[in-house]
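[1] Could you work out the structure for the sequence below:
(one chain, ligands or ions: 2)
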Amino acid sequence: MREKAFKLKKTPYGWLDFIAVPFSCDYGAAAALGVQKLLTDLSAVFQVVVMANFLDYTNRALKAETGWEPVFYWFSILVVCVGWRRISFRVGCIFTERLRIRAEAQINMVLTDKRARLSYRLIENEDSWNLINRVSEKPEHQVTIMLQRSYNLILYIIRILGVLYIVFSQVWWIGILTFILCIPLILISLKNGEKNYNAKKQVAEYERRYQYLGTVLSGREAVNERTLFGYSEKVNKDWYDQYEKARVIKWNANLKLACSVRGSSAVVTLISSFIIIALIFPVTRGQISVGMFIALATGMYDLVNMVGIELTKAVSQLSQCREYLKDLTEFAALEEVKGVDEPPSKEQMEVNELEFRDVCFCYPGTANMILNRLSFKIKRGGHYAFVGANGTGKTTITKLLTGLYDQYEGEILINGKELRTYSHPQLKAVFCGLYQDFAKYYISVEENVALGAINRLSQPECETEIENALKTVGLYEEISGLPYGEKTNLGKIRENSVDLSGGQWQKLAMARAVMSKAPVLILDEPTAALDPISESNMYEEFEDISRGRTTLFISHRLGSTKLAHQIFVLTEGHIQETGTHEDLMKQHGLYAEMFDSQRRWYQ
Ligand SMILES: Nc1ncnc2c1ncn2[C@@H]1O[C@H](COP(=O)(O)OP(=O)(O)OP(=O)(O)O)[C@@H](O)[C@H]1O
Ligand SMILES: [Mg+2]
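    Ligands and ions are numbered 1, 2, ... in the order given. I've put the predicted structure just below:
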């Protein structure tokens, strides 16, 4: 079992989660990083005191008021402080890297699990898809940044308070004045961080678009058409337009941030210079020693650096992290579909009857009615064909049946019970098949086929079944001729891989469907990419593949739908005609017209 210490919260993420989230990823590394930072910062404050003593004792030793021992003593401590500050950065890097690696594994695992459970509707929706992408983009980076910056913030505050305290204890009004001046700077930093993250959100949308165009320009998928149509220049221009928009937003955001950081630091530098000048008077009056004056002057410049630059950066980055956590809160609340990530149920359910009753359906976010009061009935063991022009909703029917969308009107009944009352694992055990846009998996041949029977993977007969499935779809001989037979890797990602032709990939997807023992087989254009002989062989095997199963067959090749027990002819999302091939031909309607127009080309 994979260990998951990090979990998505049900309640909104807040400021405390800047520390709680990294700790949940790796307690040890997060705590060690805290200790390292604390020691580093304490040594910085301590250094102010050590430096003051060192300078004062040196001064007195030079005047022969004391011996040199205390000088060496304070000098050694100073060396240790400086030495530690030099190496502590590297030590911190080790802990940060460990935290980053652990966070990467843990958070990605959790995010992937959640993504797998999301409703299909959300994956198609642009806003939620953008949110999913934002949350999934280098979450480990966000986690290390939020912990580092939180520690920095706490320690900067300690250091600032430390320096302020020392100033306050020497000249109280200067201490209070400096403290008050820090507050507006921190508020400006908070606002900047928020603005910066919002700019990033905008940029992400353009980035997604130009990255896609980048794959069109240089990817393997479009290489043939790219060469043939010679469209690179046009796409390149589109790419540049999107890139330019993203660049301008990024540049403006960075410019504003830089101006604000530099502006704050200029203000603080000015103020601290006045304060240092003001400190000269207590020195001349003998209220503070020369050593303390020099140490305080150094401390004040340190303060400038901390408040004007480091603190502004930390607060601004934390504010960005807060926006990330807001996104994470929204992501955690995204609707999940129970069981959608689970394998098919092991309980086999017989399907005696399947019915669409006045089903109406629009794709989420669109108003176009794709299925319009669609009604039909399917009986156990029957072979049914769906035919109709492009875009009439044939594939949409298969998507509703397999539970990808559940927001339809009317009823879809399996054995008289509404489809939505069945769990996803139950539906997966009922339907199997071949989608029109079937997937090509860049894994081995046998793994490609075995995915169709995920519950039987470990069974010894699985190997023979894979072989039989490959024989059924007419791919066995070709696969046996490959260098590693069924173990040959496909695609172009793994070593010694080979690629298949379009038709071979389709046969492989069909073999996956053959592997499944589900009682209802849905085949959406299963032979669209096959040569005539392979297609005709496939129909001969079809008897074998569909024996004892209910079959829903979608095809534009009407010769192949002739054998169906019942044919449904779709127009504009509803059934226009139905019957056997003979019935429909006698009706001289749309089917007869389509059949005749296809037949003409063969005669
Ligand atoms: N994910 C989607 N979001 C929005 N509209 C969609 C989506 N998928 C399909 N459509 C629309 O639904 C309509 C029906 O599509 P469908 O894929 O069901 O047609 P089809 O009958 O299978 O066509 P074909 O014969 O070309 O495969 C089309 O007009 C299409 O534009
Ligand atoms: Mg289709």
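[2] Write out the residues of the stretch 451-600 of the chain neighbouring ligand 2.
    Within the stretch 451-600 of the chain, no position lies close to ligand 2 (CB under 5 Å from the ion). No exception for glycine: its C-beta is placed from N, CA and C like everyone else's.
[3] could you show me where the helices are in the stretch 451-600 of the chain, in order?
    462-472, 476-480, 502-515, 532-545, 558-561, 581-587, 590-602 (DSSP state H, counting those that start in this stretch).
[4] Can I get the ones you listed in CSV including mean neighbour count, distance to ligand 1 and mean pLDDT?
    Formatted as CSV, those follow (neighbours: other CB atoms under 10 Å; distance: least, CB to the nearest ligand atom, whole Å; pLDDT from 0 to 100):
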stretch, mean neighbour count, distance to ligand 1, mean pLDDT
helix 462-472, 18, 25, 90
helix 476-480, 15, 27, 91
helix 502-515, 22, 14, 90
helix 532-545, 15, 17, 78
helix 558-561, 19, 13, 82
helix 581-587, 15, 18, 94
helix 590-602, 13, 12, 86
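[5] need those in a markdown table with distance to Phe54, can you?
    Converted to a markdown table, those look like this (distance: least, CB to CB, whole Å):
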| stretch | distance to Phe54 |
| --- | --- |
| helix 462-472 | 77 |
| helix 476-480 | 80 |
| helix 502-515 | 76 |
| helix 532-545 | 89 |
| helix 558-561 | 94 |
| helix 581-587 | 102 |
| helix 590-602 | 97 |
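[6] Of all those helices, which one comes closest to Lys245?
    Nearest to Lys245, of all those, is helix 502-515, at 36.4 Å by CB to CB.
[7] now the closest one against helix 462-472, angle please.
    130 degrees (axes from the mean of the first three to the mean of the last three CA atoms, to 10 degrees).
[8] Against which helices or strands is helix 502-515 packed?
    The helices and strands touching helix 502-515, judged by 3 or more CB pairs under 8 Å, 6 or more residues apart in numbering; DSSP states H and E, are strand 431-434, helix 445-450, helix 462-472, strand 520-524, helix 532-545.
[9] Can you lay out these as a markdown table showing distance to Val171?
    Compiled in a markdown table, these are given as follows (distance: least, CB to CB, whole Å):
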| stretch | distance to Val171 |
| --- | --- |
| strand 431-434 | 81 |
| helix 445-450 | 75 |
| helix 462-472 | 83 |
| strand 520-524 | 83 |
| helix 532-545 | 91 |
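[10] Relative to Pro344, which of those is closest?
    strand 431-434 (8.5 Å).
[11] that older thread, what's the closest of the helices and strands packed on helix 502-515 to Leu42?
    helix 445-450 (56.1 Å).
[12] tell me which residues in the closest one are buried?
    Val445, Glu446, Glu447, Asn448, Val449, Ala450 (16 or more other CB atoms under 10 Å).
[13] Close to ligand 2: what parts of the stretch 251-400 of the chain are there?
    Lys394, Thr395.
[14] Need the nearest residue in space to the residue of the stretch 1-150 of the chain found nearest ligand 1, chain neighbours excluded.
    Nearest residue of the stretch 1-150 of the chain to ligand 1: Glu124, at 5.5 Å (CB to the nearest ligand atom). Excluding its sequence neighbours, the residue lying closest to Glu124 (CB to CB, 6 or more residues apart in numbering) is Pro364, at 6.4 Å.
[15] check contacts around the closest residue to Lys114 other than its chain neighbours.
    Nearest residue to Lys114, sequence neighbours excluded (CB to CB, 6+ apart): Leu8, at 6.2 Å. When contacts are counted by CB atoms under 8 Å, 6 or more residues apart in numbering, Leu8 touches Val110, Lys114, Leu328, Phe331, Ala332.
[16] Over to Lys377?
    Glu353, Leu354, Glu355, Phe356.
[17] His581 now?
    Thr561, Lys562, Leu563, Ala564, Ile567, Phe595.
[18] Reformat those as CSV; add distance to Gln170.
    Listed next are the contacts of His581 as CSV, based on distance: CB to CB, whole Å:
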residue, distance to Gln170
Thr561, 95
Lys562, 100
Leu563, 99
Ala564, 96
Ile567, 96
Phe595, 100
